[in-house]
Each structure stands twice: as structure tokens, then as C-alpha cells.
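J.: structure of the sequence below:
(one chain, ligands or ions: 3)
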Amino acid sequence: MMRLLGTAAGGGAPQWNCACVQCGLMRESGRERLQECAAVSGDGRSWYLLNASPDIRTQLLRTPELTPGPGPRETPLKGVILTDAELDHTLGLFSLREAKTLDVYATAAVAQALAPVRRMIDPYGDGWRWHELHPGESVKLDGGLTITPFSMGEKRPRYASDVDGDDWVVGLHLVAQKSIVYAPCFETWGEALDEALRDADFAVIDGTFRTSQEMPQVRGHLAMTESVPRLARHPRTAFRYTHLNNTNPVLTDPRDLPLAGEMELL
Ligand code: MLT
Ligand code: MN
Ligand code: ZN
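T.: Residues are numbered from 1 along each chain as shown. Ligands and ions are numbered 1, 2, ... in the order given. The predicted structure is shown next:
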């Protein structure tokens, strides 16, 4: 099962320094979307975060499945799986430093970009275990959950322009009782995504922008106008759009597009 903990792109919605009409409407109505992040479990007892958003503390506190106990420092949170090294997907690692140990899964390129973060967090716990993800290679996690990363492009974060590496962005095929595809960040629709969607019950997909004209510089994310027809080729997969940018007009006018719900359980 998967719990969606946040469904907005970096900055959230409304964004703290944005006075656009849409952010204004959300502010007035008290609606908000936290930055994109999810939690997944194969058995309802061992949970893994998919990305670690800057809003992670609030998100953990709002998620009943992640309540600590019964021991004073026991937690159902076993690890974090990163789809990329973007700041909106990784800054939350700093807020998890109270975890004595944690299994973190990332590609070599992502782990390399995060070397400074690792150096800063290491002194706080007993050492987190970092595991390398390789596209196409499945990893078995606690609770009967299997994840298979697949390559989703080479968009590297702006801060990592001088870091070498190939696998900057992956999607995740998660299989336990259900088969779920998680791909919150991609610029082009690849063969690997179609392959993963073939037997998927659910898919949670990059919905950053509605159109490619939405911002002067729409980069790094395939617009909804491009992904809608491709998703239509997978009629048995129920999908949701996530990582919604505050510029995306569907935030206040969904036009029948299935937007991920905050705290929705899949
Ligand atoms: C993105 O999704 O393109 C990045 O997270 C942008 C950012 O760093 O804010
Ligand atoms: Mn982002
Ligand atoms: Zn705005």
C-alpha cells in the first residue's frame, strides 16, 4: 500500500513567496499541498519513504501508519528510496537525522551528488546504510515489498552540474499485494515506463506542468498535455498526477484530470 504524503513540486502550493492568482486562491481557502513525497509498505508494518521532502516532519506526524512505538524509539520507518537528487526530494534527509539507522537507496550518481549531505548526517546516528540502485535490478525490502528502479533520464539537479554519473532519475516499480509505478519526475516518456505500466494497478506520475508554455523555462518535466495520451494506452492502470507546480492551473481547476490527493491511500 502507498500513502501520498505530499503532492506539490518544490516550493509547495501555495509557495511562500508567490502572490500569483492561484497561490492567492489557495491561501484564501486554506488549501495547501506539501512537497512531493510518499510512504510505501508491503505488509502495513515496515514502511519506506519514497523521497524525503523538506516538509517531512509535518508529513510524518500526519501519517498514522508512521506513528512510533511500542518501544520508546521504535519506528515503522525502515528506509528511504530516492528517485533523484533534487533538493525537494532530499532535503528531508536532514530532518531524519534522529534515526539511529536508516537504509537509504539511491543510484550511484544520486549518492555521489549527496556526498556532502551524507557527511553532515553521519555523525548524528550509528551510521546509515546506503545502498546502490541499478535500473533493471530488483531489490527486496522488509514486509514483502519488491522495488525495481527503471531509468527515467539524465536531468541532474542544478547544484550537481559538475558531478559525473548517468542514472540521475529513476522511476520505481513497486510490487507487494498491488503493483504500483511511482515516477514523479521525468522529462521524456521512455520505453521503460510503458514496460512498468503494463501490469500496474496504480501509477503516480509527474504532473508538474499542464502545458510546456506554462513558465518561461519549462524544463525537466513532461507536460500533462503530452502524458495524457500516453497514459490512455494503459486503460487498466488507475493513475494520479503528483509533483504539481504552483503554476499548474489544474490546482484550482482540475478539468477531470486525476490529481493525487494529499494523504490519499493507494
Ligand atoms: C525540479 O523538479 O525540477 C526541481 O525540484 C526544481 C527545484 O530544484 O526546485
Ligand atoms: Mn522537483
Ligand atoms: Zn503561485
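J.: residues contacting the residue of the stretch 101-250 of the chain found nearest ligand 1?
T.: Nearest residue of the stretch 101-250 of the chain to ligand 1, counting by Cβ to the nearest ligand atom: G220, 4.4 Å away. C-beta coordinates here come from the backbone N, C-alpha and C atoms, glycine included. When contacts are counted by Cβ atoms under 8 Å, 6 or more residues apart in numbering, G220 touches 155, 185, 187, 208.
J.: quick one: the third one and H221 touch, right?
T.: Yes. When contacts are counted by Cβ atoms under 8 Å, E187 is listed as touching H221 (6.3 Å).
J.: who's more crowded, the two?
T.: Here E187 and H221 are compared on neighbour count by other Cβ atoms under 10 Å; more neighbours surround H221, at 22 against 15.
J.: what number of residues lie near the closest residue to the more buried one other than its chain neighbours?
T.: The shortest distance from H221 to any non-neighbouring residue, by Cβ to Cβ, 6 or more residues apart in numbering, is to T208 (3.8 Å). Residues lying near T208 (other Cβ under 10 Å) number 27.
J.: thinking T208 is in contact with L251, fair?
T.: No. The criterion here is Cβ under 8 Å, and T208 misses it with L251 at 11.3 Å.
J.: show me the common contact partners of these two, please.
T.: L244.
J.: pLDDT score for the residue of the stretch 101-250 of the chain closest to ligand 1?
T.: pLDDT, G220: 90.
J.: which SS state does it fall under?
T.: coil (DSSP: H, G, I helix; E, B strand; the rest coil).
J.: now name the helix or strand holding the residue of the stretch 151-266 of the chain found nearest ligand 3.
T.: Closest to ligand 3 within the stretch 151-266 of the chain is N246: 4.0 Å, counting by Cβ to the ion. Take DSSP states H and E as the rule and N246 turns out to sit in neither a helix nor a strand.
J.: that one and T7: what is the separation?
T.: The gap separating N246 from T7 is 12 Å, by Cβ to Cβ, to the nearest Å.
J.: more neighbours: these two, which one.
T.: T7 (28 against 19).
J.: got the contact list for the more buried one?
T.: Contacts of T7 (Cβ under 8 Å, 6+ apart): 33-34, 36, 242-244, 259-262.
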